[in-house]
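J.: give me the fold of what follows.
(2 chains)
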Amino acid sequence: MTIEIRNVCKSFKDVNAVQNVSLLVESGESIALLGPNGAGKTTLVEMIEGVQFPDSGEIRILDRSWEKDENYLRKQIGLALQETRFQERLTVEETLDLFASFYSLEKKRIKEVLEIIQLESKRTTWVLNLSGGQRQRLAMGVAILPLPQILILDEPTTGLDPNARRDLWKILESLKAKGATLILTTHYMEEAQYLCERILMMDQGKILAEGSFSDLLNKFGEGDLIDFEIDGVFPTEKAKNLSGVLSCRWDKNKGEGRLTVKNISETLPLFLKLVENSSIYITSLESRKRTLDDLFLAMSGRHLDD
Amino acid sequence: MVAVVDESQDVIDSLPEWLLEKTGVDSAMYISDLELEWQVGKNESEQARFRFKYMNEDEAAMALKRGKISLWLTGNPKVGIRYHFDPDNTVSILTFLHLERAFSLQNSSEPQSEIRTITMKGSRYIDFLIPGLMAMSIMNACLWGIGWNLIDLRIKKLLRRMVATPLRKSIFLLSHGVNRMILSAFELTLLYSFAYYYFGIMIQGSLWALLLIFLSGYIAFAGIAVLISCRAQNTQSGNGLINLVSLPMFVLSGVFFSYQNFPDWITPYVEVLPLTMLANGLREVITESVVLYDVIIPSISLVGIGSICFALGLKFFYWH
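T.: Coordinates of the predicted model:
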């Protein structure tokens, strides 16, 4: 087992940041810790990376403990944090060189990493002059410098534009393909879905749900969603009888409702026809697949990006 | 404090008669046979307090170098009182003006007083000021260069990133200390070079003593910098903490003017401040012929302060 976390608790003053969390991660596995700000993801990750220590419980990495084998474990874990601001007046190459010196690495490794993170053309550019996406790629380069067995990424794409995020995902996919164990914290559900086989949903220091993306969706509800706002009285009973409708919710005070359906393409035309026949007007319509945010909202009453 | 100097080189065992007549029995207070305190002025705005101490010229020159006196007097009212001081020192000028006014109120028919400008190297105000500025430069180099830098690294999350590598924490902190020390040595060399070429200030004491007091002062303030920066999480608290520590020393430690002018009760506290010890040590090495042995006690005190602060800082250091 690469990472074993058993009954770990951690609190700060009167805040229980992590409450009785247990987690086993196998070699080569990619897991995502998904949750809003304050969910306890970063505290859990900091305990895994040996920056903080649990109040109770046990954490073992590669069958070793931080107390006895800190120096060994530091070389086995690569770390990329959200918005790490490296020294602005160092170049990309100098930054990598600085961190390589901590691991006693040779110069050729820096060249390899520059290639992986696609920053060869920026090797003599000051960090100050890099874009947000390039800085995160540099952070990723620093993380993978020592060829770590475990890669911990703490909200690596927060604040990046979609293109920069995609670039980073490509790098992560190639690292996954090489067998790296990946632990990712994020509040972007699509990132967790895209990169990780297993997703842990956290809130208030606890793991609320765990499993693959499809497992989680199936476990906590099925069906696609049609959200609508209507000017008039919605015929709820007729809507429930439409083909493929699993449930129907209508709030007459707000004038908004939701249909949960087996298949959007089957039920949406029927829904539109019903509206037309009922002489009411749609002011807003959105049909979509169910997401982890819907699931998280149902479990915790909060959105993932709260 | 004002020194009353006897030029006769005789053995001195009491204050001169003319001073006792001038100050009067009611308004003066004996501290010892050779020391007298005199308060003049009825209104609060006119009040001034002088302390006279009888000494020979060598003692007076040394006391002036160390900032223990503002000026010294020779002569007497019959032949005219001579005031010896550096006119560039505002505290000395102020003392002269107050004292001359207080004396002239006693008898206006006396001969004119005379100012004897002190231009002897080592006794000028600039000789007092430059070592103080050097001490302040060391303090600022450490508090801002090390303390602020560590806080900045923490804010940028670079501190957390650095300690997640196999780099040892002690080496990490030491690298910051050594880095700033090299820069600080360079800054001090520049400052001294300017003082040497422009004002002709020369180091009178031993270079080893200078090196020891510099290193000790540096260790003291590096330790204080680590303690200050151990918990601060943002620029506001970091800035506030550094100012909280540096500003009182900046005002009290005798960088620009002597702390001997403060009330007596505060002097023992001021003398144990690290900036006071460092400024006094540097002043003694630069303006007096002190050797390594003479700066050992302040050096041990400074290293002690630095070590305690560093140990406490490391214990409570917030690495993430």
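
J.: low-confidence ranges in the stretch 1-150 of chain B?
T.: Judged by pLDDT under 70, the stretch 1-150 of chain B has its weakly predicted residues at B:6-12, B:25-28, B:42-46, B:105-111, B:122.

J.: and the strands in it?
T.: Counting by DSSP state E, counting those that start in this stretch, the segments of the stretch 1-150 of chain B that form strands are B:2-5, B:28-32, B:35-40, B:48-55, B:71-76, B:80-85, B:114-117.

J.: those: which one's closest to chain A?
T.: Closest to chain A of the strands of the stretch 1-150 of chain B, according to CB to the nearest CB: strand B:80-85, at 48.3 Å. The way it works is simple: take the backbone N, C-alpha and C, and place the C-beta from them, glycine included.

J.: please export the C-alpha coordinates of the closest one as CSV.
T.: Provided in CSV are the C-alpha atoms of strand B:80-85 (Å, rounded to 0.1, in the frame of the first residue of the first chain):
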residue,chain,number,x,y,z
GLY,B,80,35.2,83.9,31.1
ILE,B,81,33.7,80.4,30.8
ARG,B,82,34.7,78.4,27.8
TYR,B,83,32.3,75.9,26.3
HIS,B,84,33.9,72.9,24.5
PHE,B,85,31.6,71.1,22.0
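
J.: residues contacting stretch B:296-311, please?
T.: Contacts of stretch B:296-311 with the rest of the structure, by CB atoms under 8 Å, 6 or more residues apart in numbering or on different chains, involve B:212-213, B:215-217, B:219-224, B:226-227, B:272, B:274, B:277-278, B:280-281.

J.: number of residues surrounding residue A:156?
T.: 28 (other CB atoms under 10 Å in any protein chain shown).

J.: next one: the one 3 residues further on
T.: Summarising burial for residue A:159: neighbours were counted as other CB under 10 Å, giving 12.

J.: selecting buried members of the contacts of stretch B:296-311 in ChimeraX, what would you type?
T.: Selection of buried members from those for ChimeraX, criterion 16 or more other CB atoms under 10 Å in any protein chain shown:
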select /B:212,213,215,216,217,219,220,221,222,223,224,226,227,274,277,278,280,281
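
J.: so which of the strands of the stretch 1-150 of chain B is the most packed in?
T.: Ranked by mean neighbour count under mean count of other CB atoms under 10 Å in any protein chain shown, the strands of the stretch 1-150 of chain B are led by strand B:2-5, which reaches a mean of 23.

J.: which pLDDT value goes with the closest residue to residue A:4 other than its chain neighbours?
T.: Once flanking residues are discounted, residue A:4 sits nearest to residue A:60: 4.5 Å by CB to CB, 6 or more residues apart in numbering or on different chains. pLDDT for residue A:60: 93.

J.: can you classify residue A:60 as helix, strand or coil?
T.: At residue A:60 the chain is in strand, as set by DSSP: H, G, I helix; E, B strand; the rest coil.

J.: that one: what's it in contact with?
T.: Contacts of residue A:60 (CB under 8 Å, 6+ apart): A:1, A:3-4.

J.: out of the strands of the stretch 1-150 of chain B, nearest to residue A:66?
T.: Among these, strand B:48-55 comes nearest to residue A:66, with 63.1 Å by CB to CB.

J.: and the closest one, what other elements does it pack with?
T.: Helices and strands touching strand B:48-55, by 3 or more CB pairs under 8 Å, 6 or more residues apart in numbering or on different chains; DSSP states H and E, are strand B:2-5, strand B:35-40, helix B:90-106.

J.: and it, C-alpha only, in PDB?
T.: Only the C-alpha atoms of strand B:48-55 are listed here, as PDB (Å, rounded to 0.1, in the frame of the first residue of the first chain):
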ATOM      1  CA  ALA B  48      16.100  73.100  32.400                       C
ATOM      2  CA  ARG B  49      18.100  70.500  34.400                       C
ATOM      3  CA  PHE B  50      21.800  70.200  34.300                       C
ATOM      4  CA  ARG B  51      24.100  67.700  35.900                       C
ATOM      5  CA  PHE B  52      27.700  68.800  36.400                       C
ATOM      6  CA  LYS B  53      30.600  66.400  37.000                       C
ATOM      7  CA  TYR B  54      34.100  67.400  37.700                       C
ATOM      8  CA  MET B  55      36.800  65.600  35.700                       C
END
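
J.: quick one: it to chain centroid distance?
T.: Put simply, strand B:48-55 sits 20 Å off its chain's centre (CA atoms, centre = their mean, to the nearest Å).

J.: which pLDDT value goes with the spatially most central residue of chain B?
T.: Central residue of chain B (CA atoms, centre = their mean): residue B:254, 3.0 Å from the mean position. Residue-level confidence at residue B:254 comes out at 84, pLDDT.

J.: without its sequence neighbours, what residue ends up closest to residue A:257?
T.: Per CB to CB, 6+ apart, closest to residue A:257 is residue A:250, 4.0 Å.

J.: in the sheet, which strands lie alongside the helix or strand where that neighbour lies, parallel or antiparallel?
T.: Element membership for residue A:250, per DSSP states H and E: strand A:245-251. Here strand A:245-251 is paired, per DSSP bridges, with strand A:256-261 (antiparallel).

J.: in the partner strand, which residues are buried?
T.: Neighbour-count burial for strand A:256-261 flags A:256-257, A:259-261 (criterion: 16+ other CB under 10 Å).

J.: got the buried residues for the helix or strand hosting residue B:305?
T.: Under the criterion of DSSP H and E, residue B:305 resides in helix B:296-316. Applying a neighbour-count criterion of 16+ other CB under 10 Å, one finds B:298-299, B:301-303, B:305-306, B:309-310, B:313 buried in helix B:296-316.

J.: give me the domain ranges for the chain.
T.: Went with chain A since none was named. A:3-218, A:223-289 (automatic domain parsing).

J.: wait, chain B was what I had in mind.
T.: B:2-117, B:125-316.
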